[in-house]
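Chemist: My questions concern the predicted model and sequence given below.
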Amino acid sequence: MSAAAETGAGPYPITPRRPAFDGKSVPVAMGLLSAWSESGTAIPRYLRRSYHPSQEGSPRRAVEYPAASPAARTAAGAASRAAMS
């Protein structure tokens, strides 16, 4: 084994930190994904014969979301930066 590999130096350093599986992830904390508990309760509801998407939220909110989504904000920021350069 090389000295770089032993010390953790090099392109792929050895990190002692292990991923934590405590139910809190970065995307969930940022509000980008639902928590597992929310997804776990939504799946049986979705699979019922009586399910209809209108039970999930208002159509108005669904129409407004794409303009306020993280992807839309990123795209708008990139477009404005490109226009300024």
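Modeler: Now that the structure is in, tell me what you want to look at.

Chemist: And Glu38, how close does it get to Ala75?
Modeler: The spacing between Glu38 and Ala75, counted by CB to CB, to the nearest Å, is 26 Å. C-beta: built from backbone N, CA, C; applies to glycine.

Chemist: Identify the residues contacting the helix or strand containing Ala78?
Modeler: Using DSSP states H and E, Ala78 falls within helix 70-84. By CB atoms under 8 Å, 6 or more residues apart in numbering, the residues outside helix 70-84 that reach it are Leu32, Pro66.

Chemist: what comes up buried for it?
Modeler: Buried residues in helix 70-84, defined by neighbour count with 16 or more other CB atoms under 10 Å: none.

Chemist: The chain: helices as residue ranges?
Modeler: 3-7, 26-29, 36-47, 59-68, 70-84 (DSSP state H).

Chemist: Low-confidence regions, the protein specifically.
Modeler: Applying pLDDT under 70 to the chain flags the ranges 1-25, 85.

Chemist: Now the phi/psi pair for Ala35, please.
Modeler: phi -70, psi 160 (degrees, to the nearest 10).
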